[in-house]
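1. Predicted model follows, preceded by the sequence.
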Amino acid sequence: MQDAPGKIDVVSTTTAAETAAIVARAVDPVLQVGARQTVVDRVEHSWRRRFAGRDFTGLDVADGDGVDVVADLCWPLDRLDAALGGRRFGLILCQHVLEHVKRPFEAADNLAALLAPGGTLYVAVPWVQSFHGYPDDYWRFSFRGLLELFPGLRPVDMYYSASGSGLDAAYKITVDGAVDLARTPFEIESRLFEISFPQDRNLALLREQGEQPKLPLARRYLPAMFVNLVLQAP
């Protein structure tokens, strides 16, 4: 007999609150992967600023502001390890990076290997987002997909987030009052986030786009959404 599904609730939070929680429990040293500042970065909210005065290293595939070590996350581990001086990290931040690497399984293995015993990995990736090449864009990930990338780490927290244009919204799906990492009902995404239009309204909406009308692909639309996963090493 299967377990009862439990009481499902949506808990509203913010990315600012979740970020503050990650910073509060962080153990040095800290590594940020994908640290190069771009024109879209809000520098006052950067991870480097949040960890000011701490043992912090910024890694990126290209040199620039915020980068201490230039290295490719998909390099062989011995080469990447040498670039980082053989260090192991109490916290690794990997935000909006894995969709841009050609070999995400190799990148994930390296991230796990760079964690100190008991260290924490925070990963944020798009589940639904338009193409954005930095320098290219390869993948989209569900929570299930992320868990497959890190089989040796223990997931401890997860949440959806949406950001941009001043929006700071995040949501945790709880079962019987707790984040249930094994049973979280991913099928409720459609009920929570999808917008569905009748065919005539869908076509009318597309025609209203003016000089650059959109091509009809579906009658359901899922706004930009990111999945966030916090994992811990043994």
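-> Structure received. Residues are numbered from 1 along each chain as shown.
2. is the closest residue to residue 96 other than its chain neighbours in a bridge, and if so with what?
-> Of all residues not flanking residue 96 in the chain, residue 124 sits nearest, at 6.1 Å (C-beta to C-beta, 6 or more residues apart in numbering). Where you see a C-beta, it was placed from the backbone N, CA and C, and this is true even at glycine. With DSSP bridges applied, the residues forming beta bridges to residue 124 are residue 95, residue 228.
3. Kindly provide the distance from residue 124 to residue 217.
-> 26 Å (C-beta to C-beta, to the nearest Å).
4. Over to residue 101?
-> 27 Å.
5. out of the two, which sits in the busier spot?
-> It is residue 101, of residue 101 and residue 217, that has more neighbours when counted by other C-beta atoms under 10 Å, with 21 against 9.
6. Identify the residues contacting the more buried one.
-> Listed by C-beta atoms under 8 Å, 6 or more residues apart in numbering, the contact set of residue 101 reads 73-74, 107, 138.
7. can you tell me which of these lies nearest to residue 154?
-> residue 107 (19.3 Å; C-beta to C-beta).
8. And the closest one, what's its pLDDT?
-> Reading off the confidence values, residue 107 has pLDDT 98.
9. Same check on residue 114?
-> For residue 114, the predicted pLDDT is 98.
10. Kindly report the same for residue 43.
-> The predicted local confidence for residue 43 is 58.
11. Just list the residues touching the nearest residue to residue 34 once chain neighbours are set aside, thanks.
-> Once flanking residues are discounted, residue 34 sits nearest to residue 97: 3.9 Å by C-beta to C-beta, 6+ apart. Residue 97 sits next to 33-34, 73, 107, 125 when contact means C-beta under 8 Å, 6+ apart.
12. Out of these, which two sit at the greatest distance?
-> Counting by C-beta to C-beta, the most remote pair of these is 73 and 125, 13.3 Å apart.
13. Name the spans of this structure whose pLDDT lies under the cut-off.
-> 1-5, 38-44, 163-166, 183-188 (pLDDT under 70).
14. What are the boundaries of the strands in it?
-> 8-13, 30-33, 56-60, 69-70, 89-95, 115-128, 154-164, 167-175, 178-179, 195-196, 220-221, 225-232 (DSSP state E).
15. helices or strands up against the third one?
-> Right, the one you point to is strand 56-60. Applying 3 or more C-beta pairs under 8 Å, 6 or more residues apart in numbering; DSSP states H and E, we find strand 56-60 packed against strand 30-33, helix 47-50, strand 69-70.
16. Sweet, I'm off.
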